[in-house]
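Visitor: pasting a predicted model and its sequence here:
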Amino acid sequence: MGTILTVRELTRQIRTGLEARFPFVWVRGEVSNLSRPSSGHVYFSLKDSEALLNCVWFKAAQRDSEGFDPLTGEVFFEGPRPSLARVMQDGEQILCAGRITVYAPRGGYQLVVEMAQPDGMGQLALAFEARKRKLAAQGYFAPERKRELPRHPLTVAVITAQGGAAIRDFLRIAEERGYGARIRVYPVPVQGATAAAAIAAALARVNAEGWAQVAVLIRGGGSLEDLWAFNEEIVADAVFASVIPVLAGIGHEVDTSMADMTADVRAATPSHAAQILWPLRSELAQRVDDLEIVLQRAHARCLEVAAMRLYALRQALRLLSPVKAFGRKYEAAAQAHAGMQRAIARILFEKGVALEALSGDLENVSQRLLQSQSARLELLASRLERADMLERKERLLEQSVAVLRALDPHAPLQRGYALIYDDRSRLLRSVRDAKQDDPLRLRLRDGTVRAVVTGVQEESI
């Protein structure tokens, strides 16, 4: 015989198995046996034609009112609605979500309700989920097929209700953004039996005209039924087949439609759609200012580099200037001339000293010794010949000095000639180097004269 369990142990094992198997489940049924004791808990049963399920909705899981639909996420903008725990009645069809557990004192299983809602909305939600799975399987929502919107579009087609809050909000935001665009509104009904076909036809018309760079689908908020036209398959097909990118802003941020999921880009609201299409003008102005600053810095850097290059070329030109080269050669010639003058002076001094010594000796010689010293006189004559050689060297020195003076470029200035320079200190050697109205500088013997070319006449030599 197997292990014998107590009723408590068996109930605990059944409870553990049920709770593990059904941790969260949605159940549809008709309310019956509804009871609201003073504890605040709500007890009722869900039944259909063949079975009955006991339910308990504890007070801690209830709300006094609901600000949004717990299944679809729809926000009730007309104001909070009373919680179903407060208003449901026997015989009402509802959807309940919760966990299955076992109530040990009665030995029966029950549904511990976490949330509930009327079954009408549930049907739409189920249809929504079924269509969502179908279109997803067909690749309508695939990220790789989504296209980027054009930057700063200049032509925009807006498909929405004429005169509604959505188009007013869109146009108001558009006026404050971008740098100008043409917007063409395609009015359509956005809810009701004819809305889906009208929306699809308008999108097809936008593509056929080929005028717009982007198509925009917008609508204000509402219930799931109000937004249902944008969940119709015909609208999803038109968005999927659109040649131009589609931007969808249906309802509010919590609202999600098939058109939103199929569109290339989804906006949270109609106003957000305009914000996605165009940046604020203040941002564009700031961007222009940033680019201007970058351009100014680049321009300043270019000028700085050019100035450095110009300075280097000027320095190189000074080193290679003919005037500088002439100055260096003139300085070398002056140094050689000074060295030669010092050498001549030293030789003349030495010869003068020797001559004075000889003259003294001659003066001291007695007339009585003149005849006897004829040989000595001959020797002195020989020395005089050598002195004559010195005289020839002096004449050669004077000739060298005359040659140096003849080569001095400034020597002709003493005879009335002039050196002519242009405004860049270049020496003019031909009338071809001068042009009408060129400024000139004339170097004369005792100074400089400024002049301007009033005419040029070339003569053959």
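Guide: Received, thanks.
Visitor: can you confirm Ala345 is in a helix?
Guide: Yes. Judged by DSSP: H, G, I helix; E, B strand; the rest coil, Ala345 forms part of a helix.
Visitor: please renumber the chain so that the first residue is 509 from this point on.
Guide: Taking 509 as the first residue, the last one we looked at is Ala853.
Visitor: against Lys859, how distant is it?
Guide: 11 Å (C-beta to C-beta, to the nearest Å). Placement of C-beta: from N, CA and C, glycine included.
Visitor: mind listing the helices for this protein?
Guide: Per DSSP state H, the chain carries helices over the ranges 515-529, 592-595, 627-645, 673-683, 703-717, 741-749, 766-770, 778-785, 789-828, 830-872, 882-915.
Visitor: return the set of buried residues in the fourth one.
Guide: For helix 673-683, burial by neighbour count (16 or more other C-beta atoms under 10 Å) applies to Ala674, Ile675, Asp677, Phe678, Ile681, Ala682.
Visitor: which one of the residues you listed sits closest to Pro661?
Guide: Within the set of the buried residues of helix 673-683, Ala682 lies nearest Pro661; the separation is 10.6 Å, counting by C-beta to C-beta.
Visitor: pLDDT wise, what is the closest one at?
Guide: Looking at Ala682, its pLDDT stands at 88.
Visitor: OK, contacts around the closest residue to it other than its chain neighbours?
Guide: Of all residues not flanking Ala682 in the chain, Ala782 sits nearest, at 4.7 Å (C-beta to C-beta, 6 or more residues apart in numbering). The contact partners of Ala782, taken as C-beta atoms under 8 Å, 6 or more residues apart in numbering, are Asp677, Phe678, Leu679, Ile681, Ala682, Arg685.
Visitor: so how many other residues sit close to Arg854?
Guide: Using other C-beta atoms under 10 Å, Arg854 is surrounded by 10 other residues.
Visitor: now it: how far from Glu652?
Guide: Separation of Arg854 from Glu652 (C-beta to C-beta): 104 Å.
Visitor: let me know the pLDDT of Asp945.
Guide: 86.
Visitor: please apply the same query to Glu791.
Guide: Glu791 is given a pLDDT of 68.
Visitor: go on, Leu799?
Guide: In this model, Leu799 carries a pLDDT of 82.
Visitor: with Ile667 instead?
Guide: The model's pLDDT for Ile667 equals 95.
Visitor: again with Glu761
Guide: Note for Glu761: predicted pLDDT of 67.
Visitor: for the residue nearest to Gly730 when sequence neighbours are not counted, give me its contacts.
Guide: Spatial nearest neighbour of Gly730, excluding adjacent residues (C-beta to C-beta, 6+ apart): Gly759 at 6.4 Å. Residues in contact with Gly759 (C-beta under 8 Å, 6+ apart) are Arg727, Gly728, Gly729, Gly730, Leu735, Ser765, Thr777.
Visitor: give me the beta-bridge partners of the first one?
Guide: Beta-bridge partners recorded for Arg727 (DSSP bridges): Ile758.
Visitor: count of neighbours near it?
Guide: 30.
Visitor: distance of it from Gly671?
Guide: Using C-beta to C-beta, we find Arg727 at a distance of 13 Å from Gly671.
Visitor: check the last one too.
Guide: As defined by C-beta to C-beta, Thr777 lies at a distance of 18 Å from Gly671.
Visitor: ok, the two, which is more surrounded?
Guide: Per other C-beta under 10 Å, whichever of Thr777 and Gly671 has more neighbours is Thr777, with 22 against 10.
Visitor: so Gln601 bridges to which residues?
Guide: Applying DSSP bridges to Gln601 gives these bridge partners: Glu538.
Visitor: may I see the buried residues of stretch 746-757?
Guide: Ala746, Val747, Phe748, Ser750, Ile752, Pro753, Val754, Leu755, Ala756, Gly757.
Visitor: actually stretch 837-854, sorry about that
Guide: Residues of stretch 837-854 classed as buried by neighbour count (16+ other C-beta under 10 Å): Ile852.
Visitor: what's the local residue count around His660?
Guide: His660 has 15 nearby residues by other C-beta under 10 Å.
Visitor: mind listing what the closest residue in space to Glu740 that isn't next to it in sequence touches?
Guide: Nearest non-adjacent residue to Glu740, counting by C-beta to C-beta, 6+ apart: Ala704, 3.7 Å away. Counting by C-beta under 8 Å, 6+ apart, Ala704 makes contact with Ala737, Phe738, Glu740, Ile742, Val743.
Visitor: can you give me the distance of Ala704 to Leu725?
Guide: In terms of C-beta to C-beta, Ala704 sits 12 Å off from Leu725.
Visitor: overlap in contacts of these two?
Guide: In contact with both Ala704 and Leu725: Phe738, using C-beta under 8 Å, 6+ apart.
Visitor: give me the number of residues near Arg713?
Guide: 12.
Visitor: repeat that for Ala781.
Guide: Neighbour count of Ala781, defined by other C-beta under 10 Å: 28.
Visitor: same check, this time on Tyr617
Guide: As a burial measure, Tyr617 scores 16 neighbours (other C-beta under 10 Å).
Visitor: which residues touch it?
Guide: Tyr617 touches Ile522, Leu526, Asn562, Ile608, Thr609, Val610, Tyr611, counting by C-beta under 8 Å, 6+ apart.
Visitor: partner residues bridging the residue lying closest to the third one once chain neighbours are set aside?
Guide: The spatial neighbour of Asn562 that comes closest, neighbours along the chain excluded (C-beta to C-beta, 6+ apart), is Gln618 at 4.2 Å. Beta-bridge partners of Gln618, counted by DSSP bridges, are Thr609.
Visitor: and the pLDDT for Gln618?
Guide: 92.
Visitor: next up, the contacts around it.
Guide: By C-beta under 8 Å, 6+ apart, the contact list for Gln618 reads Leu561, Asn562, Cys563, Val564, Ile608, Thr609, Val610, Tyr611.
Visitor: for Thr702, what are phi and psi?
Guide: Backbone torsions of Thr702, given as degrees, to the nearest 10, read phi -100, psi 0.
Visitor: neighbours of it, how many?
Guide: Residues near Thr702, counting by other C-beta under 10 Å: 11.
Visitor: cool, Gly730 as well?
Guide: Burial of Gly730 is recorded as 19 neighbouring residues (other C-beta under 10 Å).
Visitor: so which of the helices of the chain is the most packed in?
Guide: Most buried of the helices of the chain by mean neighbour count (mean count of other C-beta atoms under 10 Å) is helix 766-770; its value is a mean of 25.
Visitor: hang on, Gln570 packs against Ser547?
Guide: No. Taking contacts as C-beta atoms under 8 Å, Gln570 lies outside contact range of Ser547: 11.5 Å.
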